[in-house]
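# please find the sequence and the predicted model below.
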Amino acid sequence: MPYLFRVHDTDGNYHGTCSRRCYEALGGTSHCVCGGINHGVGLRRAAANSLDLQSVRVCGRMLPADSPHLIVAKNPALESLAEQTTWPWAEPAHVQIATELARNHRQPDSDPNASWK
Ligand SMILES: [Zn+2]
């Protein structure tokens, strides 16, 4: 699973990585370096957000992503990730499951031998 970006500072301190744990999160509160913009939104949307990153959370404060003492290392593949629409992980798992349930719900008795009954 790809990360989106990592944040360090010029003193060599590591502040965090926005990755799957963030963009596939199921509710809860985000403490991510992205400041929450990618929280639970799925990979494709999160990659697009990260391309256009304006600020990052460092030590509990939102700072401009281009602050001179910060090093924001974006995944070189962000652009292609943002364009991807067919990867199985383009949507968070809970969105995929909800879509699947909705599809089954529309035809409740069309297949009485379905294994989940
Ligand atoms: Zn994040």
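Cool, got the structure.
# any stretches of the protein with poor pLDDT?
Counting by pLDDT under 70, the ranges of the chain that qualify are 1, 85-100, 104-117.
# go again with 90.
Low-confidence segments of the chain, defined by pLDDT under 90: 1-2, 27-30, 44, 80-117.
# what residues are up against residue 56?
Counting by CB atoms under 8 Å, 6 or more residues apart in numbering, residue 56 touches 7, 15, 33-35, 62-63, 65, 70, 72. In this view, the C-beta of every residue, glycine as well, is placed from N, C-alpha and C.
# go again using 10 Å as the cut-off
By CB atoms under 10 Å, 6 or more residues apart in numbering, the contact set of residue 56 is 5, 7, 15-16, 18, 32-35, 37, 62-67, 70, 72.
# what pairs with it across the strands?
Counting by DSSP bridges, residue 56 is bridged to residue 63.
# okay, it and residue 45: tell me how far apart.
Separation of residue 56 from residue 45 (CB to CB, to the nearest Å) stands at 18 Å.
# hmm, back to that, ok, and of the contacts of residue 56, which contact the ion?
Among those, the residues within reach of the ion (CB under 5 Å from the ion) are 18, 32, 34.
# could those residues go into a markdown table alongside secondary structure and neighbour count?
Below are the ones next to the ion among the contacts of residue 56 laid out as a markdown table (DSSP: H, G, I helix; E, B strand; the rest coil; neighbours: other CB atoms under 10 Å):
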| residue | secondary structure | neighbour count |
| --- | --- | --- |
| 18 | strand | 30 |
| 32 | coil | 22 |
| 34 | coil | 26 |
